[in-house]
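Colleague: Need a 3D model of the sequence below.
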Amino acid sequence: MISARDLNRSEVKSILSQETSLRNKALLVVGFNTGFRISEILSLTINDVFNGKTVRSHVTVAASNMKNKKSRTIRLNSDAVKILTLWCKHLIKQGYTGDTPLFISRQTEQKQVFVQGIQKVCAVAKALTARRVNYILKELAELAGVDTTRVSSHSFRKTFAKGIYLASGRDLMKVQYALGHASITTTIKYLMFAISEIDSLVEGLSYE
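Modeller: A predicted model of the protein is given here:
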């Protein structure tokens, strides 16, 4: 399996500038700014990020929806809060309830629900699929003139990891904590170092 690549700041900005859909813009911002896996992002409900009036300062993915079965909480930055406020208020205005998937698909599924004690079959919103998210991201990358090689929904997490690594002054422990890795060895393998970075480090070894 070919590993997904991280995107640089310019590439992310170019991709975001192409998106006009409020849902997709919110999805992209959450993806790039939380480091959650795509399955974890798509497990979120409106209630997980919105208390009915404002967006929560932190978002938690339940242990049952995590790869390592340990819940993870991360702060939502100002970009995420801003777009999620618009998106959640839009969903509520459309009549969606708090247990609705945060990133809904245009498709629905039939479920049995009880309304005032009476069992009914109703059409309820489904979450987007990871496959659909991959398509959305690749399409936007192509429109933005970004090389789509090894670009997938996992690029969200890789981009987040690289961003935290650089912002923290290359502190691997902080990246490990931010990603929720049990072992720092995983974090080291996870980060992808560009050849240009290695070249500059080697150049800096000059002793003359």
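Colleague: Quick one: mean pLDDT over stretch 27-41.
Modeller: For stretch 27-41, mean pLDDT rounds to 95.
Colleague: How about it, which residues are buried there?
Modeller: Buried residues in stretch 27-41, counting neighbours by 16 or more other CB atoms under 10 Å, are found at 27-38, 40-41. Heads up, the C-betas are built off the backbone N, CA and C, glycines and all.
Colleague: Give me the most central residue, the chain.
Modeller: Residue closest to the average C-alpha location in the chain (CA atoms, centre = their mean): Gly31, at 1.9 Å.
Colleague: how close does that residue get to Gly95?
Modeller: Plainly put, Gly31 is 26 Å away from Gly95 if you go by CB to CB, to the nearest Å.
Colleague: Where does the residue nearest to the centre of the chain sit, in terms of helix or strand?
Modeller: Assigned by DSSP states H and E, Gly31 belongs to helix 22-34.
Colleague: before we move on, what about Arg106?
Modeller: In the assignment (DSSP H and E), Arg106 maps to strand 104-115.
Colleague: Alpha carbons of the longest helix belonging to the chain, as CSV, please.
Modeller: The longest helix of the chain (DSSP state H) is helix 78-93. Only the C-alpha atoms of helix 78-93 are listed here, as CSV (Å, rounded to 0.1, in the frame of the first residue of the first chain):
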residue,chain,number,x,y,z
SER,A,78,-10.2,29.3,15.5
ASP,A,79,-10.5,28.2,11.8
ALA,A,80,-12.3,25.0,12.9
VAL,A,81,-14.6,26.9,15.3
LYS,A,82,-15.5,29.5,12.7
ILE,A,83,-16.5,27.1,9.9
LEU,A,84,-18.2,24.6,12.3
THR,A,85,-20.3,27.3,13.8
LEU,A,86,-21.7,28.1,10.3
TRP,A,87,-22.1,24.4,9.4
CYS,A,88,-23.8,23.3,12.6
LYS,A,89,-26.2,26.2,12.7
HIS,A,90,-27.1,25.4,9.0
LEU,A,91,-27.8,21.8,10.0
ILE,A,92,-29.9,22.7,12.9
LYS,A,93,-31.9,25.2,10.8
